[in-house]
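Trainee: Build me a model:
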Amino acid sequence: MNIALTTLHSPLPPSERAWRLGSVAFWPIAKYGAPALIGLSNVPLCAFRYLSGKPCPFCGGTHACAALFNGDWVGAWQANPAAVPLLILISEHTLIWIAEGVRGQSFTAHATIHRRSE
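Mentor: Reported below is the predicted structural model:
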């Protein structure tokens with residue numbers, strides 16, 4: 001059995017390129033917005049919790065985001081363990097989008113498996 005990994009590079013239209021480069025704007029919003037939201041004690045951060053009185057699976061995500069931006073991995077994990085890998089995945093995806101926007105091409109990897117006939 002042979003496994004081949006091929007990477008396709010397809011050109012991006014200008015609007016898609018601008019959208020991907022615009023994803024960079026997410027990080028300053030997250031870095032400065034999360035602590036600012038936490039500081040506003042009279043604003044409900046979670047509509048689900050505000051309406052139901054019960055925590056949702058994402059409760060603590062804002063605190064985890066703020067803790068990660070301050071380098072507090074333990075605090076982020078304690079705030080919401082699910083948010084840490086999710087924020088890492090979002091970071092990785094954003095870096096790919098930035099690279100695609102700069103190059104003007106999308107990166108798509110495809111794995112194909114071929115069986116040897118004997």
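
Trainee: ranges for the strands of this protein?
Mentor: Per DSSP state E, the chain carries strands over the ranges 2-11, 105-114.

Trainee: So, low pLDDT: which residues of the chain?
Mentor: Applying pLDDT under 70 to the predicted model, the residue ranges of the chain that meet it are 1-9, 41, 43-45, 109-118.

Trainee: if you set the cut-off to 80 instead, what comes out?
Mentor: Scanning the chain for pLDDT under 80 picks out 1-10, 23-50, 55-59, 62-63, 65-66, 107-118.

Trainee: what sits up against stretch 33-46?
Mentor: Contacts with stretch 33-46, where a contact means C-beta atoms under 8 Å, 6 or more residues apart in numbering, come from 50, 55, 56, 58, 59, 62, 63, 65, 66, 69. Yep, even glycine has a C-beta here, placed from its N, CA and C like the rest.

Trainee: Leaving out sequence neighbours, find the closest residue to the third one.
Mentor: Of all residues beyond its chain neighbours, the one nearest residue 56 is residue 48 (4.0 Å), with distances taken as C-beta to C-beta, 6 or more residues apart in numbering.

Trainee: and the gap between the one you found and residue 59?
Mentor: Residue 48 sits at a distance of 8 Å from residue 59 (criterion: C-beta to C-beta, to the nearest Å).
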